[in-house]
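> Pasting the sequence and the predicted coordinates here, then a few questions.
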Amino acid sequence: MPQSQKKYAAPALEKGLDILELLSTEEQGLGLSEISRSLGRSVSEIFRMLVVLTERGYVAQDPDTDRYVLTTLLFEVAHRTPLIKRLTALAGPQMRRLSRQVNQTIHLAVISNDAVLVVGQVDAPGNNILSVRLGARIDLWRASSGRVMLAFMPQEDLAEVFSQVPLPEGKTEPVLREELAKIRKRGHEITESFVLRGIINISAPIIDHTGQAIAALTIPHLERYHDTVSFDECCTALFATAEQLSRSIGGGVSTPQGDRPAAVSRA
């Protein structure tokens, strides 16, 4: 829009955006005088803007060349907002469809501080259901969804979890790390419930563009005498839904359907 037609003006903001847009086209970055020349602005005003952008982490200066380059912060910000609202909006229809398909309760969970937080819940359409309360907070180590998300967590973040969250009774850090490594390799967890007898948890991660699990989709599988959908079909449907959700947020990971522990097989 031409300057004369602008209803509102924010010169400082415009200068900052001009710098970001310019640097986005320069793979090797630009020096202060080059940026000033390209934008037709004084060195002093560009320098002030660069100081702020550098302090905020959007721009970095190469100490060897003094050139300014964009960091990945803009990319990260674009994928950050607002996580739970975006997740539940995307997941809701697919969770309802999955619940009707397999006649099981589905829940969506994220990690919140040192616990698993249930942010989405769809009950099975039949008369016999196993429900997990929306908004429930569950011990991180006593939820398959928590273990699945931890399995895809960066090592430095996982180390912080181990240092701050008490380990479950009878477990050591090496044992838990081995279990998480196996979950990551399989791409999901299928295991007996940590809180209810006779229930098998089927849980798969929702993976973002960085390869981290930002959420987990879980079925606490309730076996009925006359189920028309087999346990294996239920697993396959959940894995496919989790992968679809991962792709819808710009991520995606293959969730293998083999290597299911025989001890929990319902086949």
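Everything's here; your move.
> tell me, what residue is most central in this protein?
Central residue of the chain (CA atoms, centre = their mean): residue 214, 1.9 Å from the mean position.
> distance of that one from residue 35?
Distance, residue 214 to residue 35, using CB to CB, to the nearest Å: 35 Å. For the C-beta atoms, the positions are set from N, CA and C on the backbone; glycine is no exception.
> Could you do residue 26 as well?
Look at residue 26 and residue 35: by CB to CB, they are 9 Å apart.
> Could you check which of these two has the larger neighbour count?
Legend: neighbour count by other CB atoms under 10 Å for residue 26 and residue 35, higher for residue 35 (23 against 15).
> In three-state terms, label the more buried one for me.
Counting by DSSP: H, G, I helix; E, B strand; the rest coil, the backbone at residue 35 sits in helix.
> And it, what's its pLDDT?
pLDDT recorded at residue 35 is 97.
> Pretty sure it sits against residue 22.
Yes. When contacts are counted by CB atoms under 8 Å, residue 35 is listed as touching residue 22 (6.4 Å).
> that older thread, ok, for the residue nearest to the centre of the chain, nearest residue in space, not its chain neighbours?
Spatial nearest neighbour of residue 214, excluding adjacent residues (CB to CB, 6 or more residues apart in numbering): residue 208 at 4.9 Å.
> now residue 209
Nearest non-adjacent residue to residue 209 (CB to CB, 6+ apart): residue 250, at 4.5 Å.
> cool, residue 202 as well?
Residue 202 sits nearest to residue 219 (CB to CB, 6+ apart), 4.5 Å away.
> Tally up the residues packed near the one you found, please.
Other residues lying near residue 219 total 27 when counted by other CB under 10 Å.
> what are the phi and psi values for it?
Note on residue 219: its backbone torsions stand at phi -110, psi 120 [degrees, to the nearest 10].
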